[in-house]
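S.K.: The following block contains a protein sequence and its predicted model.
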Amino acid sequence: MKNHPLRTGNAHLLRQATPGPCNPHLNLGVRQPKWGPMLAPLTRPDLPATLSAAIWRGVKGECPRCGKTKLFGRFLKPVTDCPSCHQDWTLHQADDFPPYISIFLTGHILAPAFIAIGTSDLSLGVMIGITMVLATVLLLAFLQPAKGATIALQWWLGMHGFKPGGRVEFSAPPKGAPGSPWG
Ligand SMILES: [Zn+2]
């Protein structure tokens, strides 16, 4: 800061440079969120307004940020970055949480079914076969939506590498407005 334009009398140099998050020397002590350089600004209708809206996009397998593209390239592997809004989705750390969600939901849904099957006149082999098939199908069916919801939750809250999170981005002034980080 020794040779900062404000100290050396060259304050006019500040006007020549581009203000904003790309030039950290021009923030002049004002703390601003770090905006990813590849992240395209989105209009408010594109961004989810609430955590539940972001999670619902993740559950449907859509990009939680823009909702325009697919979140998953393969069954449980999210795309590296969104082709539309360029959000980096490798930053998530969903780990074992989606299987926990899937097991929890499957258990609660199947509990009454197990009771009904257990009190029926079916043979033991048929009972085991039905419950195994039902449990496997439900567990697999819930896995991808649970992972999408987990990624959306982490992105919205700005967890792990998701800086800024969706909540911070939604509350920031939109592009063109005074104080907008997008200029
Ligand atoms: Zn997107």
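M.R.: Perfect, I can see it now. Numbering: from 1, shown residues only.
S.K.: F97 contacts I151, doesn't it?
M.R.: No - F97 is beyond contact range of I151, at 10.0 Å (criterion: Cβ atoms under 8 Å). To be clear about C-beta, it is placed using only N, CA and C from the backbone, and glycine gets the same treatment.
S.K.: V59: neighbouring residues, count only.
M.R.: Neighbourhood size, V59 [other Cβ atoms under 10 Å]: 18.
S.K.: what residues are up against it?
M.R.: Shown in contact with V59 (Cβ atoms under 8 Å, 6 or more residues apart in numbering): 145, 148-149, 152.
S.K.: Apply 6 Å and report the result again.
M.R.: Neighbouring residues of V59 by Cβ atoms under 6 Å, 6 or more residues apart in numbering: 145, 148-149.
S.K.: same question, A149
M.R.: Counted by Cβ under 6 Å, 6+ apart, A149 has contacts 55, 58-59.
S.K.: Select from the residues you listed every entry located in helices.
M.R.: Within those, residues falling in helices by DSSP state H are 55, 58-59.
S.K.: and L153, helix, strand or coil?
M.R.: Following DSSP: H, G, I helix; E, B strand; the rest coil, the label given to L153 is helix.
S.K.: burial of it, as a residue count?
M.R.: Count around L153 with other Cβ under 10 Å applied: 20.
S.K.: likewise D81?
M.R.: 18.
S.K.: ok, now the one 10 residues further on?
M.R.: When counting by other Cβ under 10 Å, one arrives at 17 neighbours for L91.
S.K.: Residues of this structure that sit close to the ion?
M.R.: 63, 65-66, 82, 84-85 (Cβ under 5 Å from the ion).
S.K.: top of those by neighbour count?
M.R.: Counting by other Cβ under 10 Å, top hit in the residues of the chain next to the ion: R65 with 28 neighbours.
S.K.: Angles on the backbone of that residue, please.
M.R.: Per-residue torsions, R65: phi -80, psi -50 (degrees, to the nearest 10).
S.K.: All the helices of the chain, residue numbers only.
M.R.: Counting by DSSP H, the helices of the chain are 5-8, 12-16, 51-59, 97-118, 124-157, 166-171.
S.K.: mind checking how far the residue lying farthest from the centre of the chain is from the ion?
M.R.: Centroid-distance maximum for the chain: D121 at 47.2 Å, with Cα atoms, centre = their mean. Between D121 and the ion the distance, using Cβ to the ion, to the nearest Å, works out to 53 Å.
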